[in-house]
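J.: Pasting the sequence and the predicted model now:
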Amino acid sequence: MKVIDLTGKTAVVTGGTGQLGRAMCKGLADCGANVVIGYHLQKAFAEELKTKIEQDYGVKAMTAKMDVTDLDSVLEMKAKVNETLGVVSILVNSAVISYDWQKVLDQDIESHEGQFRSSVLQAVLMAKAFAPDMIEQNYGRIIAINTECAMQMLPYQSAYVSGKRGMDGVYRVLAKEVGAYNITVNQVAPGWTISDNCRETDGTETNTKQDFPYISTVPMGRRGTDDEIADAVCFLASDLASFITGVYLPVAGGNVMPCI
């Protein structure tokens with residue numbers, strides 16, 4: 001029986017201290033990968049996570065401060081990673097800038113620009129930094145965290161949706177450009193996910209900003225968990241997904257369904 005085995009591979013997770021990022025770091029480590037925990041501000045938590053990963057999973061881990069919207073910062077981080085853990089085989093782009101959602105007419109321009117930078121520019125800059133090594137070794141996995149919102153396009157989501165739909169275009173083009181080098185490029189699109197910031201609740205909260213009960217819209221009748229998002233990432237990072245590329249994969253219990 002085939003299992004997900006990432007032993008000996010090095011994975012970079014941007015936004016590694018985030019609610020989903022930390023689960024993905026643990027999931028990849030559980031599959032045997034050495035993990036780079038990317039962070040922007042949460043240095044202390046990143047160091048705690050590094051220690052836990054090394055103790056619990058017996059792999060190598062390192063923390064890496066980065067600004068995914070700045071090429072110099074990305075290249076500096078990449079050089080440190082290569083020196084410490086070697087060439088990166090798995091890249092997970094999870095970082096995103098948080099902001100207060102407003103209607104289109106009320107949303108500040110800076111929020112739209114921030115979503116463009118943390119979604120579209122991150123896709124471009126991280127590819128520029130890490131894809132050349134993947135091409136040289138004729139192997140790589142690039143995985144980005146998108147969102148079900150990119151298909152919903154509901155009120156208040158304009159900045160978020162525009163950034164995520166823009167990055168979707170970058171990744172689909174990139175998948176075609178690097179596919180010949182045994183590099184896959186895919187996106188995981190979580191629904192409204194239960195993670196550390198709401199672990200103690202029963203998952204039945206309503207989205208008061210949009211004023212409708214979320215769970216009633218989900219065919220599976222519940223919210224997903226951060227571990228379920230991590231499982232999808234680990235699958236796409238593995239050889240079990242060696243012939244899957246250019247995919248936008250909702251992990252949302254059927255709440256959104258791409259169609260032909």
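T.: Nice, I can see it.
J.: Quick check: the gap between residue 110 and residue 77.
T.: Separation of residue 110 from residue 77 (C-beta to C-beta, to the nearest Å) stands at 25 Å. Yep, even glycine has a C-beta here, placed from its N, CA and C like the rest.
J.: Show me which of these two is the more surrounded one.
T.: Shown here are residue 110 and residue 77; by other C-beta atoms under 10 Å, residue 77 has more neighbours (21 against 11).
J.: Show me the strands in this structure, by range?
T.: Along the chain, counting by DSSP state E, strands occupy 10-13, 34-39, 61-65, 90-93, 140-145, 183-190, 248-251.
J.: Turn these into JSON lines, including mean neighbour count, distance to residue 101 and mean pLDDT.
T.: Below are those laid out as JSON lines (neighbours: other C-beta atoms under 10 Å; distance: least, C-beta to C-beta, whole Å; pLDDT from 0 to 100):
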{"stretch": "strand 10-13", "mean neighbour count": "29", "distance to residue 101": "25", "mean pLDDT": "98"}
{"stretch": "strand 34-39", "mean neighbour count": "28", "distance to residue 101": "24", "mean pLDDT": "98"}
{"stretch": "strand 61-65", "mean neighbour count": "21", "distance to residue 101": "27", "mean pLDDT": "97"}
{"stretch": "strand 90-93", "mean neighbour count": "28", "distance to residue 101": "21", "mean pLDDT": "98"}
{"stretch": "strand 140-145", "mean neighbour count": "26", "distance to residue 101": "18", "mean pLDDT": "98"}
{"stretch": "strand 183-190", "mean neighbour count": "25", "distance to residue 101": "17", "mean pLDDT": "98"}
{"stretch": "strand 248-251", "mean neighbour count": "20", "distance to residue 101": "20", "mean pLDDT": "98"}
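J.: could I get those as TSV with distance to residue 28?
T.: As requested, the strands of the chain are exported to TSV (distance: least, C-beta to C-beta, whole Å):
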stretch	distance to residue 28
strand 10-13	5
strand 34-39	5
strand 61-65	10
strand 90-93	7
strand 140-145	10
strand 183-190	13
strand 248-251	16
